[in-house]
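Undergrad: Sequence and predicted structure, then a few things I'm wondering about:
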Amino acid sequence: MKKINLLLLFIFISAAVYAQLPEEIQWKHLEKKYNPDSSELILSLNNKLLEGKYKLPFDEGGFALYNIKKGMITGDAFWYSQNEKLEAKLQYKNGVRNGLKENYDSDGQIWLKQVYKNNKLNGTDETYSGGKLSTKTEYKSGLKNGTQYSFSGDRLISETNFVNGLKEGVSKTYTTNNQILAEANYKNDKRNGVYRTFANGIIMTEAHFLDDVQHGLYTMFANGKKTMDSEFVNGQRHGVGHMYKTDGTILFTHYFLNGEKVSKEKFELAQK
């Protein structure tokens, strides 16, 4: 009688454990129904909504663990590598990503942190290297919106402003000793306006751009003093250029037509 009871207990425990194990299923075998805006995903198999805990292998190795209710992934989800190390932890609602997502390196340290809303990046996106912040970007409805910062160790190395996923406004890069290295102006993701470069915090060049093409006055400096200037039109030198002495007076004058250096006479004739 005791042996029968032990056997029944073993069967009961085994059944309970087995019932808690996630069912393994291939993603490619599932039927998927998306909302037009991808804010909801419903999963089914053989016309039956998934319900319970599931293990879904990745094609490249590793697997994901999902809790699915009424066909929709919900709550915390976990992604594992081939050697069963945790690679990512995600939050789901209505079958799609909603909330915090964290990715981990082989040492279990966070290297990527993102926030989703209705399956789109929405909030602060951060990457880490050696435990330190390396980039910080703001997203809204899947697009970059706000200033993106890049770091090297504890130092800021660049800052770029975005509006609706496009570069807009002033973008700056810095040297490792926190001095300005370059400064550009953007409109609709293209350089528009003044672009400057620096050495040891002192201006070296100043150019003008129109829709990412050099257009306008280009000037070079040495120790903050102008040494040369030239006019550009649609990416080519076109117009009058000068070389300057250290006292600011003109040393030479050059003339260009559509990128070709010409004589003063030919240039003036072309202006008539």
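TA: Received it, and whenever you're ready, just let me know what you need.

Undergrad: Check the spacing between residue 198 and residue 204 real quick.
TA: Residue 198 sits 6 Å away from residue 204, going by C-beta to C-beta, to the nearest Å. In short, each C-beta sits where N, CA and C put it, glycine included.

Undergrad: just residue 106 next, same as before
TA: Using C-beta to C-beta, residue 106 is found at 43 Å from residue 204.

Undergrad: Between the two, point out the one with more neighbours.
TA: Shown here are residue 106 and residue 204; by other C-beta atoms under 10 Å, residue 204 has more neighbours (18 against 10).

Undergrad: from memory that one sits against residue 197, does it?
TA: Yes - with contact defined as C-beta atoms under 8 Å, residue 204 reaches residue 197; the gap is 4.9 Å.

Undergrad: Which residues are in contact with the nearest residue to residue 200 once chain neighbours are set aside?
TA: Distances taken as C-beta to C-beta, 6 or more residues apart in numbering place residue 179 nearest to residue 200, at 6.4 Å, with adjacent residues excluded. Shown in contact with residue 179 (C-beta atoms under 8 Å, 6 or more residues apart in numbering): 198, 200, 201.

Undergrad: repeat for residue 255
TA: 239, 240, 241, 261, 262, 263, 264, 266, 267.

Undergrad: Could you give the bridge partners of the second one?
TA: Right, the one you point to is residue 240. For residue 240, the beta-bridge partners are residue 255 (DSSP bridges).

Undergrad: correct me, but it touches residue 233?
TA: No - using C-beta under 8 Å, residue 240 is not in contact with residue 233, being 12.0 Å away.

Undergrad: Of the two, give the one with the bigger neighbour count.
TA: The neighbour count for residue 240 versus residue 233, taken as other C-beta under 10 Å, is higher for residue 233 (17 against 13).

Undergrad: excluding its backbone neighbours, what's nearest that one?
TA: Nearest residue to residue 233 in three dimensions, chain neighbours excluded: residue 215, at 6.2 Å (C-beta to C-beta, 6+ apart).

Undergrad: what do you get for residue 76?
TA: Nearest residue to residue 76, sequence neighbours excluded (C-beta to C-beta, 6+ apart): residue 91, at 6.0 Å.

Undergrad: Can you check my assumption that that neighbour lies in a helix?
TA: No - counting by DSSP: H, G, I helix; E, B strand; the rest coil, residue 91 is not part of a helix but strand.

Undergrad: low-scoring stretches of this protein, by residue?
TA: For the chain, residues meeting the criterion pLDDT under 70 lie at 1-21.

Undergrad: Which residue ranges of it form helices?
TA: Taking DSSP state H as the criterion, the chain carries its helices at 2-20, 264-271.

Undergrad: Any chance you could list what contacts the last one?
TA: Put plainly, it is helix 264-271. For helix 264-271, the surrounding residues in contact (C-beta under 8 Å, 6+ apart) are 240, 253, 255, 256, 257, 262.
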